[in-house]
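Asks: sequence and computational prediction follow.
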Amino acid sequence: MARQLRAERTRATIVGAAADLFDRQGYESTSLSEIVAHAGVTKGALYFHFAAKEDLAHAIMEMQSRTFRRLAKDLDGRGYSSLEALMRLTFGMARVYEEGPVLRAGMRLATAGVPVRPPLPHPFTEWREIATSRLLNAVQQSDVHADIDVDSIAHTLVSSVVGTCVVGGTLEPAGRQPRRLAEMWHIRIRGMVPVPRRARYLTLAARLEQETATASVR
């Protein structure tokens, strides 16, 4: 049992070190020797857990996928409307994105075109499917115009969230992310939410911005 725990800790240390380096300098620019040095482990320890750099990338993207699915599942059954659950999911992802390097590294791997091994879905495909599902339910709940192109809106929404994280993470301090997400949602809400329900979701976007910014400071 003690040996297994040590092995699990070593694996987590290696993944964390790889994520930090992938996040800061990119996948292609990071060598296994750098990961070994950053993790403070031997090459033998690294190769015991991961045969190649691609295996490390896959492990990070698996962690990213589990985090996203856990956040989505945690929002189910809380009585939120589908649109509110979708909004909360995007702010939740932004918060986790700033809390540690794994999701940032996963985002960088996804945008860099690093191959994703089946059956793991590409993160953008997974996010788009969740957005599509939530938007279809939002149409049924009359929170979104019935005549919108759900697939197109879901695709644009995921592109906007990814762009907000990548561009904001490059050009602005981390504390600006919640504001940028709220601005994105204000634009989306005005375009797809019926007027009688618009104020509710504009107010929600402002509240989620404040809550996320406060959580990031702690």
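Replies: Okay, I see it.

Asks: pLDDT wise, what is the residue most central in space within the chain at?
Replies: The centre of the chain sits closest to Met93, judged by CA atoms, centre = their mean, with a distance of 4.6 Å. We have a pLDDT of 90 for Met93.

Asks: what about it, distance to Ser31?
Replies: As for Met93, its distance to Ser31 is 29 Å (criterion: CB to CB, to the nearest Å). For every residue, glycine as well, the C-beta is placed using N, CA and C.

Asks: gap between Val167 and His155?
Replies: Counting by CB to CB, the gap from Val167 to His155 is 18 Å.

Asks: which residue of those two possesses the greater neighbour count?
Replies: When neighbours are counted by other CB atoms under 10 Å, Val167 and His155 differ, and His155 comes out ahead with 15 against 11.

Asks: so where does the more buried one fall, helix or strand?
Replies: Taking DSSP states H and E as the definition, His155 sits inside helix 150-171.

Asks: pull out the buried positions in the helix or strand following that helix.
Replies: Next helix or strand after helix 150-171 toward the C-terminus (DSSP H and E): helix 177-192. Using 16 or more other CB atoms under 10 Å as the test for burial, helix 177-192 gives 177-182, 184-186, 188-189, 192.

Asks: again with stretch 78-96
Replies: 80-96.

Asks: same check, this time on stretch 37-50
Replies: With burial defined by 16+ other CB under 10 Å, the residues of stretch 37-50 counted as buried are 38-39, 41, 45-46, 49-50.

Asks: restricted to helices, list those residues.
Replies: 38-39, 45-46, 49 (DSSP state H).

Asks: closest one of those residues to Phe68?
Replies: The nearest member of these to Phe68, counting by CB to CB, is His49 at 23.3 Å.

Asks: these two touch, right, that closest one and Thr10?
Replies: Yes - contact criterion CB atoms under 8 Å: His49 and Thr10 qualify, at 7.0 Å.

Asks: between those two, which contacts overlap?
Replies: Residues within reach of His49 and of Thr10 at once, by CB atoms under 8 Å, 6 or more residues apart in numbering: there are none.

Asks: for the helix holding His155, which outside residues touch it?
Replies: Helix 150-171 has contacts (CB under 8 Å, 6+ apart) with 90, 93-94, 97, 104, 107, 110-111, 124, 127-128, 131-132, 135-136, 139, 144, 176-177, 180-181, 184, 188, 192.

Asks: many thanks, have a good one.
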